[in-house]
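Peer 1: the sequence isn't on hand, but the structure is:
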C-alpha cells in the first residue's frame, strides 16, 4: 500500500485507483462504478480484481520536470548473464495468489516482496499469500492466504456462482519478513484495515499484524507462530494517541532490529481515502525477545509529523544486520535508520541518518527509547519516470481491444517508477547500506545507492558521513526497486527489476561492496513476455502498478538471497501475468 507523504501533491496520479477501490469496496460512493468494457467475460475479470493500494504515492503525483543538467548521468553498467555462483527458482506468482485459501482471494497487484532466510529454510510473502521453501527451492508449505493466516476462519473474499464478490474479509497488504540471527526466529508483518463484511467498505480501524515463529523452521500453519495486532488507528481509542485526522492507517510498514528491539515504522494517513492529510512517520519499538514468548511490550515514538528539515519525516527505513556482532550496544543499545528527503517530487541531494538509542529499555516495564537524526549531503537523486518494456504477446490487451471497440486502443503498458523513497537498509561492519529509485539521463529509471558511516559517541551527538555512493544504470533500460543485502564479510548483492525496449520485465542483480562499489548487472531471471495486467489498463490508463519493493537478505553461511517481480511466462490468470523470482548467490 503506497500513499502520499504530503497533502498538496497526492491526488492527480492516484485518482483512478481511488475510483476503482471505491467501486469495488466502498458502495457508499454510489456514483463510482467499475468501468464496463461491453464484454461480460472481461467485466467478470474486473469484478474479481481489487488493487492492493489506493496509492496516493509516497512522493505524490507524477514527477515534476527536472532540467536535463540536473539529472544524474552515470556510466551504464554492462549487462551480462548470471554468474556461476548463482541459482534461482520461480517464487510466488499470480496463480498462487488466486488459488490460495480455496480461491477465496482477491486478485492483487503489485506483489510487494517479503523475503527472509535462516534455519535452513526460506520464506517468501507477496501482498496476500505466504509460502516456505527449502534451500533448494522446493516449496514446503503454502501458499497460504494472509487473511486466514492472521484471521482464522475468515477469507479475503468469497464469491457467488457468477464470480462476483459477496463477502469481504480484512484488507491486507505490504508484507515484510525478517529472520533474527540471535533468536533464530522469523518475524512477519502485514498492514491491515478492517472491512465491512457485506459492503467491503473501509471501517475505522487498522492494525499492523505481526507473526513471530515459535521455532527456526516454521511452516505456514498458525500453530507454528505467535500472533500480535498493533493498533495503528491512533484516534484515541483502544489506548492509542489521538492524532489529527484519524482514524488512521500505518501505510507500508518497514522493519528492522538490533540486539534488544524489533522496529516497525509506518507512514500515517487517514483511513478515509478522500482525506489528503499526512501525519508523517511513526515508530513502533518492540521488545524483541518478549515477542518470542508470546508477550507484546512496546513504545510508540509518534509525531504529527516528526520533523525533517523543511518537510515531514517519511518512510524511515530501520536497519537489519547479518550477524548479532554488528549490533551496537553503546548508548544502552542503538538502532540506525535511513530516509530520503525529496519533499516535492523533484530531486534532492541529501539523505537522513536516524538513531534510536536506549533500546535496552524495551526490556523493562517503562521503555524510554529516543530518536535523533542528522542530515548529510549525498549524490543527487531525482523522482523517477515510468519505465518502458519490450513488446510481445499481450492476450489480455488484445481481448480488451477486441471487446471494447474503443477508438483509441489500449497500448503496451509502461511500468510505474513510483518514487525515490529509501528502500531496504542493512547495517554491517559499521556501515549502513541503502538504495532508491532515481531518474537518470535519457528518461530512464536507475538506482542510487549509499554506504553511510554513522557515529554516535557514548552520550554524544549523532553524526554520519558518506563512505561510498554510486549509481546503477543500464543502457536503453530501466532498473527499478533496489534492495541490498550484505553479509558479515562485507560482500553484498543489490537486486532489482529490469525492463526496457529490448528487455521483458526481468529479475536482475549486481554485486556490491565498500571497496569496489557495484559490478556488472546480471540477469538472474529473464522475463519471457510483457506485463499484461488488467489493473494497468483499466485503473491507471496504461501504467502497470509494479511492486513497491524488492527484497534481499543474508543467510547464516554468508550466502545471499534475493527476490523481485518479473514476468515468467507460462500459465497465467486471465487478468494478470506477474510472477516473482527468488535467487541465491554464493559470493
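Peer 2: Done, it's in. Bear in mind that the values here come from a model prediction, so they are computed numbers and not experimental data.
Peer 1: C-alpha from now on. contacts and neighbour counts both.
Peer 2: Will do.
Peer 1: is the closest residue in space to residue 229 that isn't next to it in sequence in a bridge, and if so with what?
Peer 2: Nearest non-adjacent residue to residue 229, counting by C-alpha to C-alpha, 6 or more residues apart in numbering: residue 209, 4.8 Å away. Judged by DSSP bridges, the bridge partners of residue 209 are residue 190, residue 229.
Peer 1: and residue 209, what does it touch?
Peer 2: 150, 189-192, 227-230 (C-alpha atoms under 8 Å, 6 or more residues apart in numbering).
Peer 1: for residue 434, same thing?
Peer 2: 338, 422-426, 449-451, 483-484.
Peer 1: let me know the pLDDT of the residue nearest to it when sequence neighbours are not counted.
Peer 2: Closest residue to residue 434 apart from its sequence neighbours, by C-alpha to C-alpha, 6+ apart: residue 425 at 4.7 Å. Per-residue pLDDT puts residue 425 at 98.
Peer 1: kindly provide the distance from residue 425 to residue 400.
Peer 2: 41 Å (C-alpha to C-alpha, to the nearest Å).
Peer 1: relative to residue 180, how far out is residue 330?
Peer 2: According to C-alpha to C-alpha, residue 330 stands 20 Å off from residue 180.
Peer 1: who has more neighbours out of those two?
Peer 2: Higher neighbour count among residue 330 and residue 180: residue 180, with 25 against 14, using other C-alpha atoms under 10 Å.
Peer 1: what's across from the more buried one in the sheet?
Peer 2: Judged by DSSP bridges, the bridge partners of residue 180 are residue 185.
Peer 1: that one contacts residue 186, doesn't it?
Peer 2: Yes - using C-alpha atoms under 8 Å, residue 180 is in contact with residue 186, at 6.4 Å.
Peer 1: check the offset of the helix or strand containing residue 144 from the chain's centre.
Peer 2: Assignment of secondary structure by DSSP states H and E places residue 144 within strand 139-145. Chain-centre distance of strand 139-145: 20 Å, with C-alpha atoms, centre = their mean, to the nearest Å.
Peer 1: which neighbours does it have in its sheet, and in what orientation?
Peer 2: strand 129-134 (antiparallel).
Peer 1: mind putting the contacts of residue 434 in a markdown table, neighbour count and distance to residue 527 included?
Peer 2: A markdown table is the format used below for the contacts of residue 434 (neighbours: other C-alpha atoms under 10 Å; distance: C-alpha to C-alpha, whole Å):
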| residue | neighbour count | distance to residue 527 |
| --- | --- | --- |
| 338 | 29 | 32 |
| 422 | 27 | 26 |
| 423 | 27 | 23 |
| 424 | 30 | 24 |
| 425 | 29 | 27 |
| 426 | 27 | 28 |
| 449 | 28 | 25 |
| 450 | 25 | 28 |
| 451 | 23 | 30 |
| 483 | 28 | 19 |
| 484 | 29 | 21 |
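Peer 1: out of the residues you listed, who's nearest residue 355?
Peer 2: Nearest to residue 355 among the contacts of residue 434: residue 338, at 8.9 Å, using C-alpha to C-alpha.
Peer 1: for the closest residue to that closest one other than its chain neighbours, give me the backbone phi and psi.
Peer 2: Excluding its sequence neighbours, the residue lying closest to residue 338 (C-alpha to C-alpha, 6+ apart) is residue 353, at 4.8 Å. Main-chain torsions, residue 353, degrees, to the nearest 10: phi -110, psi 130.
Peer 1: ok, residue 402 next?
Peer 2: With angles defined as degrees, to the nearest 10, residue 402 sits at phi -70, psi -40.
Peer 1: from residue 241, how far out is it?
Peer 2: Counting by C-alpha to C-alpha - residue 402 and residue 241 are separated by 53 Å.
Peer 1: of these two, give the one with the bigger neighbour count.
Peer 2: More crowded of residue 402 and residue 241, by other C-alpha under 10 Å: residue 241, with 15 against 12.
Peer 1: got the contact list for that one?
Peer 2: Applying C-alpha under 8 Å, 6+ apart to residue 241 gives the contacts 234-235.
Peer 1: low-confidence regions, this protein specifically.
Peer 2: Applying pLDDT under 70 to the chain flags the ranges 1-64, 406-407.
Peer 1: how long is stretch 386-393 from one end to the other?
Peer 2: Stretch 386-393: ends 21 Å apart by C-alpha to C-alpha.
Peer 1: and it, what's buried?
Peer 2: The neighbour-count check on stretch 386-393 (16 or more other C-alpha atoms under 10 Å) flags 386-391 as buried.
Peer 1: and residue 105, how many neighbours?
Peer 2: Count around residue 105 with other C-alpha under 10 Å applied: 28.
Peer 1: under a three-state scheme, what state does it occupy?
Peer 2: coil (DSSP: H, G, I helix; E, B strand; the rest coil).
Peer 1: equivalent analysis for residue 399, please.
Peer 2: Residue 399, by the three-state scheme (three-state DSSP), is helix.
Peer 1: quick one: the residue nearest to residue 462 when sequence neighbours are not counted from residue 328, how far?
Peer 2: In space, and not counting its chain neighbours, residue 462 is closest to residue 456: 4.7 Å by C-alpha to C-alpha, 6+ apart. From residue 456 over to residue 328 the distance is 10 Å, taken as C-alpha to C-alpha.
Peer 1: neighbour count for the two, which is higher?
Peer 2: residue 328 (20 against 16).
Peer 1: got the contact list for residue 480?
Peer 2: 417, 437, 445-447, 496-498.
Peer 1: picking that back up, quick one: the residue nearest to residue 462 and residue 465 touch, right?
Peer 2: No - contact criterion C-alpha under 8 Å: residue 456 and residue 465 do not qualify, at 11.8 Å.
Peer 1: buried residues in stretch 450-462?
Peer 2: In stretch 450-462, counting by 16+ other C-alpha under 10 Å, buried: 450-454, 456, 462.
Peer 1: how about the residues you listed, which pair is most distant?
Peer 2: Among the buried residues of stretch 450-462, 450 and 456 lie farthest apart (C-alpha to C-alpha), at 18.9 Å.
Peer 1: which non-adjacent residue is nearest residue 430?
Peer 2: With C-alpha to C-alpha, 6+ apart as the criterion, residue 430 has its nearest non-adjacent residue at 6.3 Å, and that residue is residue 453.
Peer 1: again with residue 455
Peer 2: Distances taken as C-alpha to C-alpha, 6+ apart place residue 463 nearest to residue 455, at 4.9 Å, with adjacent residues excluded.
Peer 1: confirm residue 110 sits in a helix?
Peer 2: No - membership of residue 110 in a helix is not supported by three-state DSSP, which gives coil.
Peer 1: distance of it from residue 155?
Peer 2: For residue 110, the distance to residue 155 - C-alpha to C-alpha - is 20 Å.
Peer 1: try residue 521
Peer 2: Distance from residue 521 to residue 155, counting by C-alpha to C-alpha: 41 Å.
Peer 1: what's the answer for residue 453, then?
Peer 2: 46 Å.
Peer 1: ok, residue 322 next?
Peer 2: Taking C-alpha to C-alpha, one finds residue 322 at 36 Å from residue 155.
Peer 1: likewise for residue 371?
Peer 2: Residue 371 is 39 Å from residue 155, by C-alpha to C-alpha.
Peer 1: same deal with residue 556?
Peer 2: Distance from residue 556 to residue 155, by C-alpha to C-alpha: 36 Å.
Peer 1: which one's more surrounded, these two?
Peer 2: residue 155 (23 against 15).
Peer 1: assign the more buried one to helix, strand or coil.
Peer 2: Taking three-state DSSP, the label given to residue 155 is coil.
Peer 1: measure it to residue 330 for me?
Peer 2: 46 Å.
Peer 1: with residue 512 instead?
Peer 2: Using C-alpha to C-alpha, residue 512 is found at 28 Å from residue 330.
Peer 1: same question, residue 377
Peer 2: Residue 377 is 26 Å from residue 330, by C-alpha to C-alpha.
Peer 1: what do you get for residue 168?
Peer 2: Residue 168 sits 48 Å away from residue 330, taking C-alpha to C-alpha as the criterion.
Peer 1: wasn't residue 102 part of a helix?
Peer 2: Yes - applying three-state DSSP, one finds residue 102 inside a helix.
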